[in-house]
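J.: below are the sequence and a predicted model for it; my questions follow.
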Amino acid sequence: MKINIPTPLRAFTDKQATVEVNGATVQAGLDALVAAHPELKNHLFTPDGKLRSFVNVYLNDDDVRYLPAAEASAVSADDELTIIPSIAGGTGLSASRALCCR
Amino acid sequence: MKLHITQTDYDALRAHGEETYPHECCGVLLGHAKDDGNHVSAIVRAGNTRTDSAHNRYNISPMELIKIQREGRKQGLDIVGFYHSHPDHPAMWSSTDFAEAHWFGCCYVITSVDKGKANLTNAFHLAGTTEDDKAFQQEEILITKAVGENA
């Protein structure tokens, strides 16, 4: 299957925007990706092996977290995985409060 | 490192903030990463999913982001950054912006919109490679000529 790599993680895939891997499930595909590009591991997974909270993985147009079998979902060679970090922010404060910067 | 963007795109992202005021706007910068910084070729408006707190938060749904990424690739463009507005707040990154920043190497553009009028626009490069060493670095916004635009 093809895995789409977002721009910030391409530094760890030899600048490849897509990586072809073999695997019968989403998890197997991710494992194959990490095996081929070990530096990705810490960016995608927590030390106990769970996807980081800000890392979204989509199987075609479906968020893997919400699939009935989640990462165990079966995939075919024609399927496409997309890794997409979340994008969010904002002042996070009420309108009358000052900003807080590090 | 500088953010390279046309006047048209720069004006458009600022206008977006005025249109959504008093709520935050958000969008994506498509283009190319080069040695001298990110070059923006197009901006794409996105919806703010934080309807519960749109005056001080923004979030782009992953699926919308994937669609924007797909459309960008058809044009040979990558996601090189994002923009959002700070209604009645300075154009500086907030602790929320920092905590939610995960697109290393990309540019985060913030426009302060004061009483409905776009004020200052700043650009911040997300440096680092991990959550532990990341940092926002302010970078200059360089207004460029659009392709085909006369000098």
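T.: Structure received.
J.: in terms of secondary structure, what does the strand or helix carrying residue B:85 contact?
T.: Assigned by DSSP states H and E, residue B:85 falls within strand B:78-87. If you count contacts as 3 or more C-beta pairs under 8 Å, 6 or more residues apart in numbering or on different chains; DSSP states H and E, strand B:78-87 packs onto helix B:7-20, strand B:26-34, strand B:37-46, helix B:62-74, strand B:107-114. Any C-beta I mention is one placed from the backbone N, CA and C, and that applies to glycine too.
J.: avg pLDDT for it?
T.: On average, the pLDDT along strand B:78-87 is 97.
J.: what number of residues lie near residue B:102?
T.: 22 (other C-beta atoms under 10 Å in any protein chain shown).
J.: picking up where we left off before, for residue A:5, which of the helices and strands packed on strand B:78-87 is the nearest?
T.: With distances scored as C-beta to C-beta, the stretch of these nearest to residue A:5 is helix B:62-74 (10.5 Å).
J.: centre of the chain to that closest one, how far?
T.: Chain-centre distance of helix B:62-74: 15 Å, with C-alpha atoms, centre = their mean, to the nearest Å.
J.: then stretch B:12-22?
T.: A distance of 12 Å separates the centroid of the chain from that of stretch B:12-22, by C-alpha atoms, centre = their mean.
J.: one more: stretch A:3-19?
T.: On C-alpha atoms, centre = their mean, the centre of stretch A:3-19 falls 11 Å from the chain's centre.
J.: list the contacts of the residue of chain B found nearest chain A.
T.: Nearest residue of chain B to chain A (C-beta to the nearest C-beta) works out as residue B:96 at 3.1 Å. Neighbouring residues of residue B:96 by C-beta atoms under 8 Å, 6 or more residues apart in numbering or on different chains: A:88-93, B:57.
J.: name the member of these with the most neighbours.
T.: Greatest neighbour count in the contacts of residue B:96, by other C-beta under 10 Å, goes to residue A:91: 30 neighbours.
J.: SS state for that one?
T.: coil (DSSP: H, G, I helix; E, B strand; the rest coil).
J.: any idea how far chain B is from it?
T.: The gap separating residue A:91 from chain B is 5 Å, by C-beta to the nearest C-beta, to the nearest Å.
J.: and that residue, what's its pLDDT?
T.: Residue A:91 carries a pLDDT value of 89.
J.: is stretch B:61-70 in proximity to chain A?
T.: Yes. Using C-beta under 8 Å from any C-beta of the partner chain, we find that stretch B:61-70 touches chain A at B:62-63, B:65-66, B:69.
J.: among the residues you listed, the buried ones, what's the PyMOL command?
T.: Burial among the residues of stretch B:61-70 next to chain A is assessed by 16 or more other C-beta atoms under 10 Å in any protein chain shown; the matching PyMOL selection reads:
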select buried, chain B and resi 62+65+66+69
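J.: can you list the residues of stretch B:61-70 next to chain A in JSON lines and add pLDDT?
T.: Below are the residues of stretch B:61-70 next to chain A laid out as JSON lines (pLDDT from 0 to 100):
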{"residue": "B:62", "pLDDT": "97"}
{"residue": "B:63", "pLDDT": "96"}
{"residue": "B:65", "pLDDT": "97"}
{"residue": "B:66", "pLDDT": "97"}
{"residue": "B:69", "pLDDT": "96"}
